[in-house]
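Participant: any chance you can model this:
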Amino acid sequence: MVIVNSREFRSNQGKYLDMAASGQGLILRSRRGSFKITPLTEDDTLMTKEDLYRKIDKGIQDIKAGKGYKVKSREELERFLDTL
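Facilitator: Alright, predicted model coming up:
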């Protein structure tokens, strides 16, 4: 685990981002607090609040239009999740 202050990080951003990308633990300390720097993975999702609310609204519309899927038991839920 490498711990750097904000001045050092700004001076050598490329070096520290490469370290984080290769799996090295990196903590950035500043007056605003400490932050763990980690690369995003395929499982991470970046979206705005507006995008999230749009997706929620679409899901609500789909359910109202009968496009939902009712699950009545744990086994049925597990079978459904296995298909995803």
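
Participant: any idea how far the biggest helix by length in the chain is from the middle of the chain?
Facilitator: Ranked by residue count under DSSP state H, the longest helix found in the chain is helix 49-64. Mean-position distance between helix 49-64 and its chain equals 19 Å (C-alpha atoms, centre = their mean, to the nearest Å).

Participant: quick one: average pLDDT of that helix?
Facilitator: Per-region confidence: helix 49-64 scores 95 on mean pLDDT.

Participant: please pull up the helix or strand immediately following that helix.
Facilitator: Per DSSP states H and E, the first helix or strand lying C-terminal to helix 49-64 is helix 74-83.

Participant: which residues are contacting that following helix?
Facilitator: 69, 71 (C-beta atoms under 8 Å, 6 or more residues apart in numbering). Every residue, glycine included, has its C-beta placed from N, CA and C.

Participant: CA atoms only for the longest helix of the chain - export them in PDB, please.
Facilitator: Extracted in PDB, the C-alpha atoms of helix 49-64 (Å, rounded to 0.1, in the frame of the first residue of the first chain):
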ATOM      1  CA  LYS A  49     -28.600  10.700 -11.500                       C
ATOM      2  CA  GLU A  50     -30.700  11.700 -14.600                       C
ATOM      3  CA  ASP A  51     -29.700   8.400 -16.400                       C
ATOM      4  CA  LEU A  52     -30.600   6.400 -13.300                       C
ATOM      5  CA  TYR A  53     -34.000   8.100 -12.900                       C
ATOM      6  CA  ARG A  54     -34.700   7.600 -16.600                       C
ATOM      7  CA  LYS A  55     -33.900   3.800 -16.200                       C
ATOM      8  CA  ILE A  56     -36.200   3.600 -13.200                       C
ATOM      9  CA  ASP A  57     -39.000   5.400 -15.000                       C
ATOM     10  CA  LYS A  58     -38.600   3.100 -18.000                       C
ATOM     11  CA  GLY A  59     -38.800   0.100 -15.600                       C
ATOM     12  CA  ILE A  60     -42.000   1.400 -14.000                       C
ATOM     13  CA  GLN A  61     -43.500   1.900 -17.500                       C
ATOM     14  CA  ASP A  62     -42.500  -1.600 -18.500                       C
ATOM     15  CA  ILE A  63     -44.100  -3.100 -15.400                       C
ATOM     16  CA  LYS A  64     -47.300  -1.100 -16.000                       C
END
